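In: Prediction below, plus the sequence it came from.
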Amino acid sequence: MGSPKGLGTSSPPSPAKEYAVTKPISVAGPTPVDIQRNSELMKYMLHSGLYESIEESVKRQEVLQRLGQIVKGWVKQITGSRGYTNQMVEDANALIFTFGSYRLGVHGPGSDIDTLCIGPRYVNREEDFFFTLHDILANTEEVTELQPVPDAHVPVMKFKFDGISIDLLYASISYLVVPEDLDISDLSVLHNVDEPTVRILNGCRVADQILRLVPNAERFRTTLCCLKHWAKRRGVYSNVTGFLGGVNWALLVAHICQLYPNAVPSMLVSRFFRVYTQWRWPNPVMLCPIEENEIGFSIWNPRKNPRDRTHLMPIITPAYPCMNSSYNVSTSTLRVMVEQFQYGNKICGEIELNNVQWSALFEPNPFFETYKNYLQIDLIAADIDDLRAWKGWVESRLRQLTLMIERDTLGKLQCHPHPNEYIDKSKQCAHCAFFMGLQRKQGEIVQEGQQFDIRSTVEQFRHSVNMYMFWKPGMDIYVSHVRRRQIPSYVSADDYRQSRPSRPTAQLQNPCKPFHEDAVFTSEHGERNHKRKYDDRLDMKHSARSQRKNSISPDIISKSLGNMARNSSCQIEVSQVQHPGCSGFSGVCDSKELRNVESVDLTNRGQDELNTGKQSPECASNSSVITCVSSGSSSPEDIGSGCKAGCSEDNISFIEGMNDRFQNDTRSTDSATLEKEMPSRNEVLRAELLEQVKFWLSVSLKLLIAP
């Protein structure tokens, strides 16, 4: 077992205020009104059950001690199998350290414990940890729900030990024998280790450093506990899906504690929203200056590392090597979080005016009432254990779907992944579902007939997901489109307050059948889609289709269809010229893995209709379904400019200078990337379209061409 410090039982070191990057905004203490408001906040948190009982706290300590014994025995077993002497086997050792919410003292009832196992250099992660220790834990009576995630950015094994959820990481350091009194904050533990190991070790090192850098640890803990609860209620607490995780929230709160060193938690909560509503991302949040060291590990530095310039919401860890802890944040998830910061700031203003109570701040986010269109990601497996492993893998890849949709639509289709999972208990096989809200980017000018086909995007995502190392028969993933009124009934009332009964969807009617047999959804508006507001254009198209059928030679038809087949749907969308004989998606199915699908319609006329593109039977397969998404509901505009209120001139000049230095480089890089992505085949398509225009003019028909 590690030192008491590693288990988070000792008092934190004395704060070191001189390490802060910025000077305090205000050193004022609380007024009597602030003290009263703080008392009300404490009562709300206690009533909400955010603190665990003494019995559960004792049980956690017992679980950690038992886990420490298991890993010690595991390392001794590995040492013996490597052929070391009996003395080496006796001296072999491994330590358990904690980090995250448990180390910081902000864990609540039922929360997991982030643990780190440190072993000697000859015990590796790939084979010894994920296979040998995995088998030992699988045969341990107290261990249930064992789930390895070796391909995650930070490889982890998840399980429950006597009912306590554990996330176990492993780091092999350069020591031949791990000392019992190992100081993980010492830089010597980073010698001769690889970068993945450094990332793993930094979990503990960062937690210790945070507690050193806050003026008052108890006020920091209370504020962080409050804001973590708020983030979960508002659906923005999930690092894996592109929002912020525990360490990110801890760093943001710690910075507010530095800016207001004498404030009580109620004041810190209010200042948190006030500051970060006006924060000018991507200016970084830092608790201390970035440290360089002769060890030579890469640190976060936009001056030298082009990848660091692409980070949208940098929150920098204070321990060497300093890294961006929020690299998962995407354009879409940043937009959602800024909107939620604005919501929190508004409610805190009402609380300070005594117009509302603290409970108003923690109202759940009405995710299923915010958008008109959603992607539903269904996961099935043969049994619960397989589903647990499958779900962990897919969940770790979900943010890639958000990034791919942003990339393939040039940011014009915004995604809002929901971190919660939902289970349909009526299914005969193990099932869970995730949801993602979709909407057209607010303020985006949409050309007539513009559509975005994301079928290939979803197929790429499915292909990457299906590369799962531990895949078993029965594991499958399906992606389908649902509208707001068709949200499945198993979504809880807390998340979706339905104003009408949920219509039955055709998704997973028989959960153990191949999903594609039942999953195709057709909108009831499909027949009306081509009748509203466009009757005269439709008459022209029908007339043109009839004229062309009778007058165009077979050679011209063959040539036209050949060019259409050679060009992808995205190219047709870029040109924004609709073929007279096509409706909705104009491309030709060139992959037998695509089946009944729909394109993404972002036109104004498509806001309330859904076009179903029927594909031929030969395109059917067991691939996922991705359907048409029309422009969504209204929501706040994208994040705009705003001053970074309250920050000192030194901090502003530091981070704004950093931002200005690389702004031009980033812009030029983005432009060059976009130019490379424009397909050269557009010229071929334009030539073919010009031939079509000439033909239509020859028969005296008018053709409407989008600009």
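Out: Received, thanks. None of these values were measured; they are calculated from a predicted model.

In: contacts, neighbours, all on C-alpha from now
Out: Fine.

In: got the residue ranges for the strands in this structure?
Out: Using DSSP state E, the strands of the chain run over residues 95-99, 113-119, 143-149, 156-161, 164-172, 373-381, 413-417, 430-440, 451-452, 476-483, 600-601.

In: Quick one: those strands as a markdown table, columns for distance to Asn305 and mean pLDDT too.
Out: Formatted as a markdown table, these follow (distance: least, Cα to Cα, whole Å; pLDDT from 0 to 100):
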| stretch | distance to Asn305 | mean pLDDT |
| --- | --- | --- |
| strand 95-99 | 28 | 96 |
| strand 113-119 | 29 | 96 |
| strand 143-149 | 28 | 90 |
| strand 156-161 | 27 | 94 |
| strand 164-172 | 26 | 96 |
| strand 373-381 | 35 | 94 |
| strand 413-417 | 27 | 93 |
| strand 430-440 | 32 | 94 |
| strand 451-452 | 33 | 70 |
| strand 476-483 | 36 | 91 |
| strand 600-601 | 36 | 42 |
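
In: Quick one, which of those strands gets closest to Tyr260.
Out: Of all the strands of the chain, it is strand 95-99 that lies closest to Tyr260, at 25.3 Å by Cα to Cα.

In: That closest one - contacts with which helices or strands?
Out: helix 4-7, helix 54-81, strand 113-119, helix 195-213 (3 or more Cα pairs under 8 Å, 6 or more residues apart in numbering; DSSP states H and E).

In: For Asn239, see how far away His416 is.
Out: Distance of His416 to Asn239, computed by Cα to Cα, to the nearest Å: 14 Å.

In: What of Tyr374?
Out: Look at Tyr374 and Asn239: by Cα to Cα, they are 21 Å apart.

In: between those two, who's got more neighbours?
Out: Neighbour count, other Cα atoms under 10 Å: between Tyr374 and Asn239, Tyr374 has more, with 26 against 20.

In: Isn't that one up against His481?
Out: Yes - with contact defined as Cα atoms under 8 Å, Tyr374 and His481 form a contacting pair (5.9 Å).

In: Any stretches of this protein with poor pLDDT?
Out: The chain contains residues with pLDDT under 70 at 1-20, 446-450, 492-707.

In: re the thing from before, can you lay out the strands of the chain as a markdown table showing distance to Glu127?
Out: Listed next are these as a markdown table, based on distance: least, Cα to Cα, whole Å:
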| stretch | distance to Glu127 |
| --- | --- |
| strand 95-99 | 19 |
| strand 113-119 | 14 |
| strand 143-149 | 12 |
| strand 156-161 | 13 |
| strand 164-172 | 12 |
| strand 373-381 | 26 |
| strand 413-417 | 34 |
| strand 430-440 | 29 |
| strand 451-452 | 44 |
| strand 476-483 | 27 |
| strand 600-601 | 45 |
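
In: To Arg234, which of those strands lies closest?
Out: Closest to Arg234 of the strands of the chain, according to Cα to Cα: strand 413-417, at 12.3 Å.

In: List of residues touching that closest one?
Out: The contact list for strand 413-417, computed with Cα atoms under 8 Å, 6 or more residues apart in numbering, reads 241, 332-333, 336, 399, 402, 405-406, 435-441.

In: so which of those residues is the most crowded?
Out: Thr241 (26 neighbours).

In: What sits closest to that one if chain neighbours are left out?
Out: Spatially, and ignoring its direct neighbours in sequence, Thr241 is nearest to Arg399 (4.9 Å; Cα to Cα, 6 or more residues apart in numbering).

In: Could you verify my assumption that that neighbour touches Phe243?
Out: No - in this structure Arg399 lies outside contact range of Phe243 using Cα under 8 Å: 9.4 Å.

In: tell me the contacts of Ile54?
Out: Listed by Cα under 8 Å, 6+ apart, Ile54 has no contact partners.

In: and it, how far is that from Gly392?
Out: 31 Å.

In: Ile423 now?
Out: Ile423 sits 15 Å away from Gly392, going by Cα to Cα.

In: any residues in contact with both of Arg399 and Phe243?
Out: Common contacts of Arg399 and Phe243, defined by Cα under 8 Å, 6+ apart, comprise Asn328.

In: Nearest to Val253 among the strands of the chain would be which one?
Out: Checking these against Val253 by Cα to Cα gives strand 95-99 as the closest, at 16.8 Å.

In: what's the angle from that closest one to helix 54-81?
Out: Strand 95-99 runs at 140 degrees relative to helix 54-81, counting by axes from the mean of the first three to the mean of the last three Cα atoms, to 10 degrees.

In: quick one: strand 95-99 to helix 195-213, angle?
Out: Interaxial angle, strand 95-99 versus helix 195-213 (the same axes, to 10 degrees): 60 degrees.

In: Now do strand 95-99 against strand 113-119, angle only.
Out: 150 degrees.

In: how many degrees apart are strand 95-99 and strand 164-172 in direction?
Out: With the same axes, to 10 degrees defining the directions, strand 95-99 sits at 120 degrees from strand 164-172.

In: Helices along the stretch 201-350 of the chain, start to end?
Out: Using DSSP state H, counting those that start in this stretch, the helices of the stretch 201-350 of the chain run over 217-233, 246-259, 265-277, 306-309, 331-352.

In: Can you pull the domain assignment for the protein?
Out: Under the assignment the TED database, the domains of the chain span 18-48+214-365, 53-211, 367-441+454-491.

In: Straight-line length of the shortest one, end to end?
Out: What it means is domain 367-441+454-491. 11 Å.

In: can you check the second one too?
Out: For domain 53-211, the first and last residues are 23 Å from each other (Cα to Cα).

In: check contacts around Phe273.
Out: Listed by Cα under 8 Å, 6+ apart, the contact set of Phe273 reads Phe341, Gln342, Gly344, Asn345.

In: if I look at it, how far off is Ala171?
Out: Phe273 is 37 Å from Ala171, by Cα to Cα.

In: Over to Phe97?
Out: Applying Cα to Cα, the value for Phe97 to Ala171 is 11 Å.

In: Pick out whichever of these two has more residues nearby.
Out: Applying other Cα under 10 Å to Phe97 and Ala171 shows that Phe97 carries more neighbours, namely 26 against 23.

In: State the distance from that one to Gln451.
Out: Distance from Phe97 to Gln451, by Cα to Cα: 52 Å.

In: what do you get for Pro419?
Out: Applying Cα to Cα, the value for Pro419 to Gln451 is 28 Å.

In: Between the two, which has more neighbouring residues?
Out: Gln451 (27 against 20).

In: partner residues bridging the more buried one?
Out: Assessed by DSSP bridges, Gln451 has beta-bridge partners Asp601.

In: how near is the closest residue to Arg219 other than its chain neighbours to Met286?
Out: Leaving out its chain neighbours, the residue that sits closest to Arg219 by Cα to Cα, 6+ apart is Pro265, at 5.8 Å. Between Pro265 and Met286 the computed distance is 21 Å (Cα to Cα).

In: Just want to know which of those two has more residues nearby.
Out: The residue with more neighbours, out of Pro265 and Met286, is Pro265; 27 against 23, by other Cα under 10 Å.
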